[in-house]
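below is the structure, and that's it, no one-letter string:
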């Protein structure tokens, strides 16, 4: 079943990423559009990270996890989009076998980390609403540190399994990947052998890293809704629902497309359809994250005005 180490690399030494179009004019338009999206994502998430680091009032578990989410979003778009910009402006659309391996590993690792961070954020909201008086005791800095470290460890470990299994497959041609970056399913579809067993292993990983976290999020919000309905104050209920709405919005944008892409077999793989769907959990989620979490958040707005006030005072 497995090829000897290194043999698959002697067959295919590089891949060609087809991207969205082969027309130079269309690619220049895509370049401008995606560059604006990329810069907005990085600047928006970078602003969130900066505000949380500078304002002591935001040094709470809720905002620490939001900071981690923003860093993951920055890393995710930076893993895929700069190379896409190069391909949009040049005739060359190649990526080396090692480069494809690295891009796939880092992107899937950050994505898996993000899956777990959403669960941790749901747990944070559960404790804050159901046990408000014990919030700081339950979510101590020690627990937050362990949750953050565990999130990174799980993400990068399971991504290594996924990437290793995919890139150890024999690739003897064609080497044209109908995508704008090296994503597991798109590369695996080019393998010169039956990938059914590898798909089953990937499905198990997806169940563990996608379905299980999503189930925990749903369970947390069931308990949260039950607790909110017991509150007699309408204003308190609205505030609690508003806090949870931001998190639920981002969970929907991230988990919906990601579940569709990774929890199915190659037989239902549709390159043109899938590379557009991947934009949602790669680009648009990173773009919406700072908007959703800051527009209706008074603490973030206050921190922004405070930092801007300091800047004007310095001048």
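Yep, that arrived. The structure displayed is predicted, hence computed values, not measured ones.

and the helices in the stretch 201-315 of the chain?
For the stretch 201-315 of the chain, helices defined by DSSP state H, counting those that start in this stretch occupy the ranges 212-229, 234-262, 271-279, 285-295, 298-314.

let me know which of those is the nearest to residue 111.
With C-beta to C-beta as the criterion, residue 111 lies closest to helix 234-262 of the helices of the stretch 201-315 of the chain, at 6.9 Å. (Glycine included, C-beta is placed from N, CA and C.)

now the angle between helix 271-279 and that closest one, please.
Helix 234-262 runs at 150 degrees relative to helix 271-279, counting by axes from the mean of the first three to the mean of the last three C-alpha atoms, to 10 degrees.

buried residues in helix 234-262?
Neighbour-count burial for helix 234-262 flags 240, 243-244, 246-251, 253-255, 257-258, 260-262 (criterion: 16 or more other C-beta atoms under 10 Å).

output the contacting helices and strands for that helix.
Packing partners of helix 234-262 (3 or more C-beta pairs under 8 Å, 6 or more residues apart in numbering; DSSP states H and E): helix 97-130, helix 184-188, helix 196-206, helix 212-229, helix 271-279, helix 285-295.

at 7 Å instead, please
Contact here means 3 or more C-beta pairs under 7 Å, 6 or more residues apart in numbering; DSSP states H and E; on that basis helix 234-262 packs against helix 97-130, helix 212-229, helix 271-279, helix 285-295.

right, and residue 70 touches residue 45 too?
Yes - between residue 70 and residue 45 there is a contact at 3.9 Å, judged by C-beta atoms under 7 Å.

which neighbours do these two share?
289, 290 (C-beta atoms under 7 Å, 6 or more residues apart in numbering).

of the helices and strands packed on helix 234-262, which approaches residue 21 most closely?
Of all those, helix 271-279 sits nearest to residue 21, with 11.4 Å by C-beta to C-beta.

now do the buried residues in that closest one.
Residues of helix 271-279 classed as buried: 274, 275, 278, 279 (neighbour count, 16+ other C-beta under 10 Å).

tell me the spacing between the second one and residue 183.
Yep, that's residue 275 we're talking about. Residue 275 sits 8 Å away from residue 183, going by C-beta to C-beta, to the nearest Å.

what does the first one give?
Plainly put, residue 274 is 8 Å away from residue 183 if you go by C-beta to C-beta.

what's the angle from the helix or strand encompassing residue 63 to helix 271-279?
Using DSSP states H and E, residue 63 sits in helix 61-89. Direction vectors for helix 61-89 and helix 271-279, defined by the same axes, to 10 degrees, enclose an angle of 140 degrees.

in helix 61-89, what's buried?
Buried residues in helix 61-89 (16+ other C-beta under 10 Å): 61-81, 83-84, 87-88.

which SS class is residue 37?
Classification of residue 37 by DSSP: H, G, I helix; E, B strand; the rest coil places it in helix.

and it, what does it touch?
283, 287.

what pLDDT is listed against it?
Confidence at residue 37, expressed as pLDDT, is 94.

distance of it from residue 284?
For residue 37, the distance to residue 284 - C-beta to C-beta - is 8 Å.

now swap in residue 111 and tell me
Distance of residue 111 to residue 284, computed by C-beta to C-beta: 14 Å.

again, but for residue 181
Noted for residue 181: a distance of 15 Å to residue 284, by C-beta to C-beta.

also residue 214?
19 Å.

where does the stretch 201-315 of the chain have low pLDDT?
Applying pLDDT under 70 to the stretch 201-315 of the chain flags the ranges 232, 236, 264-271, 295-296, 310-315.

name the nearest residue to residue 253, ignoring sequence neighbours.
residue 285 (5.0 Å; C-beta to C-beta, 6 or more residues apart in numbering).

er, residue 113 I mean
Using C-beta to C-beta, 6+ apart, the closest residue to residue 113 is residue 155 (3.4 Å).

check which helix or strand covers that neighbour.
helix 141-167.

who does that helix touch, helix- and strand-wise?
Using 3+ C-beta pairs under 7 Å, 6+ apart, the elements in contact with helix 141-167 are helix 61-89, helix 97-130, helix 184-188, helix 196-206.

picking that back up, quick one, which of residue 214 and residue 284 is more surrounded?
residue 214 (20 against 15; other C-beta atoms under 10 Å).

what's the spacing between the residue lying closest to residue 274 once chain neighbours are set aside and residue 99?
Excluding the flanking residues, the one nearest residue 274 by C-beta to C-beta, 6+ apart is residue 261, at 5.9 Å. Here the criterion is C-beta to C-beta. By it, residue 261 lies 21 Å from residue 99.

neighbours of residue 219, how many?
Close neighbours of residue 219, defined as other C-beta under 10 Å, add up to 12.

the chain should start at 43 in everything you say after this.
Got it, the first residue is 43 from now on, which makes the last one we talked about residue 261.
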